[in-house]
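Chemist: One predicted model, sequence on top.
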Amino acid sequence: MRLFAAGLLLLGVAALSAGCGTKQTGIAKGGDVGQGKTLFVAKCGSCHRLADAGSTGTIGPDLDGAFAGARAQHFKVSTIKQVVYDQIYHPAPAGLMPAKIVTGANAASVAAYVASVAGTGAASNGAPPTITSAPAAGGGGGLAATGAKLYESLGCSACHSISGAKGVGPTFKGVYNSKVQLSTGQTVTANDAYLLESIRDPDKQIVRGFPKGVMSATIPPGSVSIANAKALIAFITSKK
Ligand code: HEC
Ligand code: HEC
């Protein structure tokens with residue numbers, strides 16, 4: 001987690017130095033700050049903390065923390081705006097942040113808004129990214145339904161039952177918040193963080209009695225995006 005956070009800071013610095021004059025995206029023109037705030041809360045806040053927006057997402061970097069340094073170095077607002085605009089079009093290729101959540105004038109508005117507030121207030125140093133907790137049992141609505149589709153389309157269903165039957169892998173039934181015995185002899189609680197790691201880095205922790213390398217052969221580390229993993233976790237959570 002530490003390393004991940006440090007990596008994000010480096011990305012931030014790289015983004016800033018590359019921010020001006022990026023050709024592929026074009027220049028962020030105009031933008032309505034008020035409209036940008038509304039869009040930010042709706043489309044970005046679930047992953048990013050930003051004090052002014054009152055958002056508390058922790059999947060992506062804390063944007064106050066991300067831009068506090070740029071502010072302190074007196075970067076122009078227009079420069080920060082362009083960095084945010086470029087980020088919307090060209091997030092890191094690892095697939096953690098979906099590209100083009102907003103485009104055109106809406107992207108300019110979001111960028112103008114973020115540039116006007118990020119890092120101005122009480123900026124924290126950027127909490128390390130962790131997943132926000134999955135929706136309560138039984139609920140989850142849209143996210144769990146998305147997860148149910150991914151469970152089929154990504155092939156998880158080939159190895160993981162939801163009926164309680166043991167397959168190539170452990171059943172998802174009742175796994176959420178259960179105590180899982182690992183091959184190391186350790187016992188861990190299958191909370192959000194554990195499930196996220198099991199999906200994103202399958203060989204990191206191995207469930208006792210199951211083979212290592214079987215899941216990762218089909219689902220290589222990092223191949224499931226965080227957004228998809230979150231939906232899958234909501235689905236798994238709903239299988240009490
Ligand atoms: C599904 C989660 C998710 C959503 C939704 C999301 N982001 Fe991100 N964002 C991330 C992650 C993860 C990173 C770090 C990896 C990267 O740079 O792509 C990131 C990075 C960033 C950065 C770079 C910060 C830095 O330290 O350099 C900015 C700026 C940003 N996002 C703005 C936005 C804006 C604006 C929106 C809404 C249009 C948005 N994000 C929506 C996950 C998300
Ligand atoms: C080819 C078979 C296979 C596929 C496909 C597969 N897994 Fe697995 N999975 C396993 C095996 C075997 C284990 C147990 C060994 C381990 O811990 O890695 C496991 C472990 C897990 C665990 C930990 C479960 C526990 O009881 O602690 C989770 C969560 C998980 N998989 C999620 C998924 C998701 C989500 C997908 C689809 C994106 C998926 N798996 C696809 C074989 C598979």
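Modeler: Arrived safely. Numbers count the residues shown, from 1 in each chain. Ligands and ions are numbered 1, 2, ... in the order given.

Chemist: Spell out which parts of the protein neighbour ligand 1.
Modeler: Residues of the chain found near ligand 1 (CB under 6 Å from any ligand atom) are 8, 11-12, 15, 43-44, 46-48, 59-61, 63, 66, 84, 87-88, 91-92, 96-97, 101-102, 110, 114, 227. All C-beta atoms are positioned from the backbone trio N, CA, C, and that covers glycine.

Chemist: For the residue nearest the centre of the chain, give its distance to residue 225.
Modeler: Centroid-nearest residue in the chain, with CA atoms, centre = their mean: residue 59, separated by 3.8 Å. Counting by CB to CB, to the nearest Å, the separation of residue 59 from residue 225 is 10 Å.

Chemist: joint contacts of the two?
Modeler: Shared contacts of residue 59 and residue 225, defined by CB atoms under 8 Å, 6 or more residues apart in numbering, are found at residue 96.

Chemist: ok, back up a step: how is the residue nearest to the centre of the chain assigned, secondary-structure-wise?
Modeler: In three-state terms, and counting by DSSP: H, G, I helix; E, B strand; the rest coil, residue 59 is coil.

Chemist: That one reaches residue 226, doesn't it?
Modeler: Yes. Counting by CB atoms under 8 Å, residue 59 does reach residue 226; the two are 5.6 Å apart.

Chemist: now the helices for this protein?
Modeler: Per DSSP state H, the chain carries helices over the ranges 2-18, 33-43, 63-72, 77-89, 104-117, 141-153, 192-200, 214-218, 226-238.

Chemist: Quick check, pLDDT for residue 16.
Modeler: pLDDT for residue 16: 44.

Chemist: what does this protein have sitting close to ligand 2?
Modeler: Taking CB under 6 Å from any ligand atom as the criterion, the chain approaches ligand 2 at residues 154-156, 158-160, 168-170, 175, 180, 190, 195, 198-199, 202, 206-207, 210-211, 214-215, 218-219, 224, 232.

Chemist: Quick check: the gap between the residue lying closest to residue 197 once chain neighbours are set aside and residue 194.
Modeler: Leaving aside its sequence neighbours, residue 197 sits nearest to residue 204 (CB to CB, 6 or more residues apart in numbering; 5.6 Å). Distance, residue 204 to residue 194, by CB to CB: 10 Å.

Chemist: So which of these two has more stuff around it?
Modeler: Using other CB atoms under 10 Å, the more surrounded residue of residue 204 and residue 194 is residue 194, with 19 against 12.

Chemist: what's the neighbour count on the residue nearest to that one when sequence neighbours are not counted?
Modeler: In this structure, residue 194 finds its nearest non-sequential neighbour in residue 188, 5.7 Å apart by CB to CB, 6+ apart. Counted with other CB under 10 Å, residues neighbouring residue 188 total 16.

Chemist: how about low-confidence regions in the protein?
Modeler: 1-25, 94-95, 121-141 (pLDDT under 70).

Chemist: let's see 50
Modeler: Applying pLDDT under 50 to the chain picks out residues 1-23, 122-140.

Chemist: Let me see the domain layout of it.
Modeler: Listed by automatic domain parsing, the domain ranges of the chain are 2-117, 141-238.

Chemist: Quick check: residue 82 touching residue 26?
Modeler: No. With contact defined as CB under 8 Å, residue 82 does not reach residue 26; the gap is 9.7 Å.

Chemist: List the contacts of residue 31.
Modeler: The contact partners of residue 31, by CB under 8 Å, 6+ apart, come to 81, 105, 108-113.

Chemist: Let's have the residues you listed in a markdown table, adding neighbour count.
Modeler: Output for these, formatted as a markdown table (neighbours: other CB atoms under 10 Å):
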| residue | neighbour count |
| --- | --- |
| 81 | 24 |
| 105 | 15 |
| 108 | 24 |
| 109 | 23 |
| 110 | 29 |
| 111 | 26 |
| 112 | 25 |
| 113 | 27 |
